[in-house]
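J.: just coords:
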């Protein structure tokens, strides 16, 4: 019996681990893994007990991109079947990028192709100093199309042009300089580095963090005009009047922890 390709675990703090579980093929993507990821993201988004989502890979790699056996099967798909399959990937990535919870990629080993896309979709990414990365699609005669909006947002168009074309492998230091990841840690301290971010996130208002993610998406790349100024003014006005907004200010003035840290 085939193991579940995606596992979810939720601890007592509300930290959910979303675990890629195909270690025998370095957590490579296939249609089943993509569907399971999409389902798991829907479940986590609907679970009010979840405060933070951590994305990790089981085994030696984070994710080595597309499963070549799946790619071989897709070669026989009709154009419409191929398009539907690609849309499922794009929709799964969109769900991860817009999950109403803070997301943290914890990267070890190899992260190639779609694995880089998963990292770019997460809000925060930490990587082992032994991690290696590549946008390797052109070596297979393909292009990194469905992950491109998220990768380009993370590293910029200029760097994407280089890496999409060369398919070169690069290390965690380069990934840090590119902006793909936020911190590099020695392999044996990777989880400790992730835990620092998780502790910081758990101190913050859950609804304010979700609203902050929406704020970034709404403001990025928009012109500084009256529409934008009106939008951001409306957002802060609503947040000030929210339950957590009132609680946070009151807790600060009363010199006590806010309610969400005591749940």
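T.: Arrived safely. Model, not experiment: these values are computed from the prediction.
J.: Could I get the contacting residues of the residue nearest to the spatial centre of the chain?
T.: Most central in the chain under Cα atoms, centre = their mean is residue 122, positioned 2.1 Å from the mean C-alpha point. Contact partners of residue 122, counting by Cβ atoms under 8 Å, 6 or more residues apart in numbering, are 55, 96, 103-105. Any C-beta I mention is one placed from the backbone N, CA and C, and that applies to glycine too.
J.: So which of those belong to strands?
T.: Within the contacts of residue 122, residues falling in strands by DSSP state E are 55, 103-105.
J.: so where do the helices sit in the stretch 101-250 of the chain?
T.: Under the criterion DSSP state H, counting those that start in this stretch, helices of the stretch 101-250 of the chain are mapped to 114-121, 148-155, 157-166, 172-178, 190-202, 206-219, 226-241, 243-254.
J.: most packed of the ones you listed?
T.: Mean neighbour count, computed with mean count of other Cβ atoms under 10 Å, is highest for helix 114-121 among those, reaching a mean of 27.
J.: Output the contacting helices and strands for it.
T.: Helices and strands touching helix 114-121, as assessed by 3 or more Cβ pairs under 8 Å, 6 or more residues apart in numbering; DSSP states H and E, comprise helix 79-97, strand 103-107, helix 148-155.
J.: how far does that helix sit from the chain's center?
T.: From the chain centre to the centre of helix 114-121 is a distance of 7 Å (Cα atoms, centre = their mean, to the nearest Å).
J.: What residues sit buried inside the helix or strand bottoming out on mean pLDDT in the chain?
T.: Lowest on mean pLDDT, DSSP states H and E among the helices and strands of the chain sits helix 68-74, with a mean of 80. Neighbour-count burial for helix 68-74, with 16 or more other Cβ atoms under 10 Å as criterion, is recorded at residue 70.
J.: ok now it, how far from the chain's centre?
T.: Between the mean C-alpha location of helix 68-74 and the chain-wide mean there is a distance of 25 Å, by Cα atoms, centre = their mean.
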